[in-house]
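Student: With the input below, show me the fold.
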Amino acid sequence: MKIDAPISMTALNARLREGRDTNTVVFEDAPIADLTLTRTHGGVLVKGIISGTCKQDCSSCGDLVAHEARATIDWILQGDADRAAADDDLDDPGVIVYQGEHVDLEEHLQEALILSISPFWHPPRDAHERCLTCHGDCSKRMWRSDDGGSASEKTSEQPRSVSTLGTLLKGALKRRDN
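Tutor: A predicted model of the protein is given here:
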């Protein structure tokens, strides 16, 4: 059986907001689940992907940038009758146990998609550290004001090279030993 259907964008965004004052990830369109279900001896094999476009804070500049979130699905659905033993309470990764004749995969699909989103995501950059999405200079930091207004640009101190740090450490060790 083939399933190609959206999941609820409203429910997904509500789940992403749980425990936070601000949204760092927002889906503006409903993600699509493209799944194939195959009956096997031990249950139902579920394979496919779930993907959707979200806006997420760039870890370099802090701006909301659109990108695709995508998760690979590889699960086994097992009903009570498919379990090895009636008292089999083990939580097997990749195995979803359900009771009755109906299983709701939406919560599991939301979870897979949320876990695929990196909190340290940033858009790809070119050789000059310019964002390939917005073409901004990612070598500069962007800080948001507390009132949620526009960001003000502050040039960050360039990171020191490894050799410079090594020289500083050697100098500090010499001073300590003297």
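Student: going forward, measure contacts and count neighbours with C-alpha atoms only.
Tutor: Fine.
Student: what's the burial count for Cys54?
Tutor: For Cys54, the tally of surrounding residues (other CA atoms under 10 Å) stands at 21.
Student: Across the sheet, point out what pairs with it.
Tutor: Under DSSP bridges, the beta-bridge partners of Cys54 are Phe27, His67.
Student: Can you name the residues that contact it?
Tutor: By CA atoms under 8 Å, 6 or more residues apart in numbering, Cys54 lies in contact with Val25, Val26, Phe27, Glu28, Asp29, Ala66, His67, Glu68, Ala69.
Student: now Gly48
Tutor: With CA under 8 Å, 6+ apart, Gly48 has these contacts: Ala33, Asp34, Leu35, Thr36, Thr72, Ile73, Asp74.
Student: how many other residues sit next to the closest residue to it other than its chain neighbours?
Tutor: Distance criterion CA to CA, 6 or more residues apart in numbering; nearest residue to Gly48, sequence neighbours excluded, is Leu35 at 4.3 Å. By the criterion of other CA under 10 Å, Leu35 has 20 neighbours.
Student: How confident was the prediction at Gly52?
Tutor: If you check Gly52, the pLDDT there is 96.
Student: That one falls within a helix, correct?
Tutor: No - counting by DSSP: H, G, I helix; E, B strand; the rest coil, Gly52 is not part of a helix but strand.
Student: That one and Asp34 touch, don't they?
Tutor: No - the criterion here is CA atoms under 8 Å, and Gly52 misses it with Asp34 at 11.1 Å.
Student: more crowded one of those two?
Tutor: Higher neighbour count among Gly52 and Asp34: Gly52, with 20 against 17, using other CA under 10 Å.
Student: residues in contact with that one?
Tutor: Gly52 touches Phe27, Asp29, Ala30, Pro31, Ile32, Glu68, Ala69, Arg70, counting by CA under 8 Å, 6+ apart.
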